[in-house]
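K.L.:
below is the sequence, then the predicted model.
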Amino acid sequence: MPIYLDHNATTPLAPEVLEAMLPYLHGPYANASSLHRLGRASRDAIEAARAEVADLLGAQASQVIWTSGGTEANNLAIKGVMHQGGRLLYGATEHPAVMECAESLMAVPRTVVESIPVTAGGLIALDRLHAQLAQAPVTLVSVMAANNETGVIQDVAAIGRAVHEIPDALFHVDAVQAAGKLPVDVRQMGADLLTVSSHKLYGPKGVGALLRTAPVDLWPLHHGGAQEGGLRGGTENVAAIVGFGVAARLAQARLADRVAHLQALRDRLEAGLAAIPGLIRFAADSPRLPNTVQMALPGWAGETLLMALDRQGFCVSSGSACAIGHGAPSHVLVAMGVPDAVAIGAIRISLGAENTAEHVDRLLIALTALAQQGVRG
Amino acid sequence: MTADWIALDHAATTPLAPGVFEAMRPWLDNAVGNPASDHRAGRAARAAVEAARAAVARLVGAPADSLIWTSGATESINLAIKGALEFDGRAPAHVISSRIEHRATLDTLRWVAGQGHKVSLLSPDARGTISIEAVLAALTPATRLVSLMWVNNELGTCTDMPALAAALRARGVLLHVDAAQAAGWLPIDLETMPIDLLSLSAHKLGGPKGIGALYVCRRPRVRLSPLLHGGGQEQGMRSGTLATHQIVGFGAAATRRMAQREALAADVLRLRDQLAAQLQAGIPDLLRNSPVSGSPHILNVSVPGVDGESLRASLPDLLFSSGSACSSATREPSFVLRALGHDDPLADASLRLSLGEGSCDAEVQAGAAQIIAAATRLRDFAAGLPPPAVTGLDNLYGYSPAVWQRFCAADAVGSLAGEGVHAAKATSRADGAWLEIGVQITQERVVAARYRGVGCPVTLAAGQWFAEQITGADVSTLQRPWLLDVRNALEIAPEKSHCAVMVDDLARALWSTPP
């Protein structure tokens, strides 16, 4: 069995989640928009899940819009708000689902898109944000609660307060990595829109949600059908939605335990890493998710190191699990001012609920040996 | 399936076909890995995703690398239409489609029209089909895209896609085909059919919900602007983490259907014809909206002279659609049936019955028997013949007990004739409902009251209640207003009170009619 240390890419299903999904996969079936009895049973299950996801995020059920995942939710938030043009600010270390989406709007008439610089520690440069906010009217600000690569946690509440000093400016928070690993309260964050994904918190892939807490005039991405108040057409993915609901409930109930478990493992990991000469840890002094370490070994390119670890049965990542950017230095590290030559060596270790101290110790042994090879090579 | 329902709704969604869940299970149980990840867990997921892509591609005769995974046919349709129009700038273009498309297409085209494109929606002919001639006649030099469904989801009518595709390719116009209802039923060979874009859905052919695909022709290359930007998955045309288990389920369903398509289509065609014959025998004036030559799995019928809501309420154990499932969320009469020339009440009294893998003779016979019994009983209400009381009918739509009990056992239905009988009729123009009442008046007392009518359960129950109330009462009671009383007595919600207002009209008409 490989040791899976890539939980920021995706997580295994919690057994309780699978259990809850089974009746909707191979039991009674129905199209949730149908009026007949099974359609109604599906609808009830979808609404129960909506309340569970809302609870995890301090929101109301009516504020949850189901999507096919975090990418769609981010696209819906950004394109849905920016349909009439305007000025969009986004963090320089955002996930590609925000960054690429924002950049796709650059060609749109009457639309201005600017990134917000981050500090060397990966935190949004608040003074720069204030200056950008003061410079010209702002339509939307999009910032992630926690970074998928470095794990850096933004002071979202402070950013939200700054945004809301500007009349009519809206605030979108990508909480895909934060949900389930940190307490997330959409009110405290001051978020008008918030993205969450199921498969990052032990739920199924193929479902996510956008929370809309303010009367934001969103334009749909997927037209067709009256599902989700006309904001998102398409037959509901009932089984996945039910699984997401259970995963959200578990994430809330187990948050403190999970955080304690992950924190202990990561402290053990970092203590071990500190003993490896020359090893670099990125954003080490910033507030970070309890499960994430991004690092580089001298003499190793990230992708080569990933493959070497893979051969030994460790699943880690060289960045975000996406199809783009292979071989290029991480845009997150570049934005933090890390030189390309160093950034290219980055790998990400992201721990999860099923990891153990033994997993960490075995990884440390492997990394220590590879570090020596790297130095020799 | 030992079910307490009869499934005649396979065109809305199908159960997972045998073997599909088993194929998905390993990807739910213990497999972890993002198909975009480079480690062994990611590679294993990626291999499964690619095997499924090949399986779905085989079902439609396409090269595997021409399929893009989406969250379902709605997303595929949105991506095809908006993506094709938005690629290479936003110059206004002309798009041709039809009035009988799925809402995913119609809503997308409405949005596209708002973006400055010109959209022409063709009307179907009297049989509900879109002819090639009509499409070609609508072409203009600015036409960039034609988007049509292969098999109509409500009627099962088919468009001759191979011929249309060839005609449009020759004219350099892009063709997007919504094949959500066609795939798995009709032979589709994209290697030989010059179709540019084709939308597919898994859950219409035994696969899971939440997964679909868009075929994007590679030779000649069709270019699309993505709908979802992000990690660059699916050749940059559709970002987002791929849902491995759902994709594997789609692949397994496609493989199974590929092997048994012809046999299944023949079997389902036989069942559909049997269903139609049985219904027509039991309801001689039944209107068959689906052509004999349509897709084998869909039979759409209308029951004249029957209220659609009462018909649905009478059939709680039957899974079917009234219109497409997507429009049932909004309760508008089907636009497809209106396009055929049906008025709203007739369109509302229509049933889309659809078959699929697992459908059987017993199910079809029992389903037809239920529909015939329900239609016959509702026609008793209209004819003034005492309708048989029904017991144990599930009150699926949550009518108040006072309404439901009177709908199930209506002992005041009838008509009176002879000396001293006064009659009155009230109609509701909006939904075609009506109530007629006859009262026998002796010495200023109502000694008997009988009613008949057509309408929703609330309307029919209001007629029954009114007859109960006035029987034995002094004639003068007819002059007071009744609406508040009927609303309170039958616990009618404000939004349904228009269904009972005819009681007021009847009382007023009776009072003002001289003896």
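P.N.:
Great, that's in hand.
K.L.:
got the buried residues for stretch B:272-291?
P.N.:
B:272, B:275-276, B:278-280, B:283, B:286-287, B:289-290 (16 or more other C-beta atoms under 10 Å in any protein chain shown). Every residue, glycine included, has its C-beta placed from N, CA and C.
K.L.:
could those residues be laid out in CSV, adding distance to chain A, secondary structure and pLDDT?
P.N.:
Converted to CSV, the buried residues of stretch B:272-291 look like this (distance: C-beta to the nearest C-beta, whole Å; DSSP: H, G, I helix; E, B strand; the rest coil; pLDDT from 0 to 100):
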residue, distance to chain A, secondary structure, pLDDT
B:Arg272, 20, helix, 98
B:Leu275, 18, helix, 98
B:Ala276, 21, helix, 98
B:Gln278, 21, helix, 98
B:Leu279, 19, helix, 98
B:Gln280, 24, helix, 98
B:Ile283, 21, coil, 98
B:Leu286, 21, coil, 98
B:Leu287, 22, strand, 96
B:Asn289, 19, coil, 95
B:Ser290, 19, coil, 95
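K.L.:
what's the pLDDT at the residue in the stretch 401-515 of chain B positioned nearest to chain A?
P.N.:
In the stretch 401-515 of chain B, no residue comes nearer to chain A than B:Cys456, which is 13.8 Å away by C-beta to the nearest C-beta. Per-residue pLDDT puts B:Cys456 at 95.
K.L.:
how many other residues sit next to it?
P.N.:
Close neighbours of B:Cys456, defined as other C-beta atoms under 10 Å in any protein chain shown, add up to 26.
K.L.:
check contacts around it.
P.N.:
B:307, B:309-310, B:313, B:431, B:433, B:496, B:499 (C-beta atoms under 8 Å, 6 or more residues apart in numbering or on different chains).
K.L.:
what values do phi and psi take at it?
P.N.:
Torsion angles at B:Cys456 (phi, psi; degrees, to the nearest 10) stand at phi -70, psi 170.
K.L.:
what separation do you get for the closest residue to it other than its chain neighbours and B:Thr427?
P.N.:
Closest residue to B:Cys456 apart from its sequence neighbours, by C-beta to C-beta, 6 or more residues apart in numbering or on different chains: B:Glu309 at 4.1 Å. Separation of B:Glu309 from B:Thr427 (C-beta to C-beta, to the nearest Å): 16 Å.
K.L.:
among those two, which residue is more densely surrounded?
P.N.:
B:Glu309 (21 against 16).
K.L.:
next secondary structure element downstream of the helix or strand containing the more buried one?
P.N.:
Using DSSP states H and E, B:Glu309 sits within helix B:308-313. Moving toward the C-terminus from helix B:308-313, the next helix or strand (DSSP H and E) is strand B:318-319.
K.L.:
relative to that next one, what are the paired strands and their orientations?
P.N.:
Partners of strand B:318-319 in the sheet, by DSSP bridges, are strand B:6-7 (parallel).
K.L.:
now the partner strand, how far from the centre of its chain.
P.N.:
Relative to its chain's centre, strand B:6-7 lies at 15 Å (C-alpha atoms, centre = their mean, to the nearest Å).
K.L.:
could you give the mean pLDDT of that strand?
P.N.:
89.
K.L.:
how about whatever residue of the stretch 351-500 of chain B ends up closest to chain A, nearest residue that isn't a chain neighbour?
P.N.:
Using C-beta to the nearest C-beta, the single residue of the stretch 351-500 of chain B nearest to chain A is B:Leu396, 5.7 Å away. Of all residues not flanking B:Leu396 in the chain, B:Pro316 sits nearest, at 4.0 Å (C-beta to C-beta, 6+ apart).
K.L.:
coming back round to it: if I look at the residue of the stretch 401-515 of chain B closest to chain A, how far off is B:Ala509?
P.N.:
Look at B:Cys456 and B:Ala509: by C-beta to C-beta, they are 21 Å apart.
K.L.:
for B:Lys496, same thing?
P.N.:
22 Å.
K.L.:
ditto for B:Gly356
P.N.:
50 Å.
K.L.:
how about A:Tyr24?
P.N.:
Counting by C-beta to C-beta, the gap from A:Tyr24 to B:Ala509 is 52 Å.
K.L.:
more crowded one of these two?
P.N.:
The neighbour count for A:Tyr24 versus B:Ala509, taken as other C-beta under 10 Å, is higher for A:Tyr24 (24 against 17).
K.L.:
list the contacts of that one.
P.N.:
The contact partners of A:Tyr24, taken as C-beta under 8 Å, 6+ apart, are A:42, A:45, A:238-239, A:242.
K.L.:
show me which of the residues you listed is closest to B:Arg144.
P.N.:
Of all the contacts of A:Tyr24, B:Arg144 sits closest to A:Val238, with 36.6 Å by C-beta to C-beta.
K.L.:
pop the domain breakdown of the chain in here.
P.N.:
Assuming you mean chain A. Domains of chain A are assigned by automatic domain parsing as A:3-11+A:255-376, A:15-253.
K.L.:
try chain B instead
P.N.:
The record's domain split for chain B, according to automatic domain parsing, is B:20-258, B:261-383, B:401-512.
K.L.:
right, so those domains: which one is the most enclosed?
P.N.:
Of all the domains of chain B, domain B:20-258 has the most neighbours on average by mean count of other C-beta atoms under 10 Å in any protein chain shown, namely a mean of 22.
K.L.:
how long is it end to end?
P.N.:
14 Å (C-alpha to C-alpha, to the nearest Å).
K.L.:
distance from the chain centre to that domain, please.
P.N.:
20 Å.
K.L.:
please, where are all the strands along chain A?
P.N.:
Taking DSSP state E as the test, the strands found in chain A are A:3-4, A:64-67, A:86-91, A:111-116, A:140-144, A:170-174, A:193-197, A:208-212, A:280-281, A:292-296, A:314-315, A:346-350.
K.L.:
for the fourth one, packing partners?
P.N.:
Contacts defined by 3 or more C-beta pairs under 8 Å, 6 or more residues apart in numbering or on different chains; DSSP states H and E place strand A:111-116 against strand A:86-91, helix A:96-104, helix A:126-135.
K.L.:
go again with 6 Å.
P.N.:
Where contact means 3 or more C-beta pairs under 6 Å, 6 or more residues apart in numbering or on different chains; DSSP states H and E, strand A:111-116 is packed against strand A:86-91.
K.L.:
neighbouring contacts of the strand it packs on?
P.N.:
Outside strand A:86-91, the residues that touch it by C-beta atoms under 6 Å, 6 or more residues apart in numbering or on different chains are A:82, A:98, A:102, A:112-116, A:124, A:132, A:138-143.
K.L.:
if we use 8 Å, what do you get?
P.N.:
Contacts with strand A:86-91, where a contact means C-beta under 8 Å, 6+ apart, come from A:78, A:82, A:98-99, A:102, A:105, A:110-116, A:118, A:124, A:129, A:132-133, A:136-144, A:154.
K.L.:
quick one: buried ones out of these?
P.N.:
Among the contacts of strand A:86-91, those classed as buried by neighbour count (16+ other C-beta under 10 Å) are A:78, A:82, A:98-99, A:102, A:105, A:111-116, A:118, A:124, A:129, A:132-133, A:138-144, A:154.
K.L.:
with adjacent residues omitted, what lies nearest to residue 359?
P.N.:
I'll assume chain A. Leaving out its chain neighbours, the residue that sits closest to A:His359 by C-beta to C-beta, 6+ apart is A:Ile3, at 4.8 Å.
K.L.:
should've been chain B
P.N.:
Spatially, and ignoring its direct neighbours in sequence, B:Ser359 is nearest to B:Leu271 (5.6 Å; C-beta to C-beta, 6+ apart).
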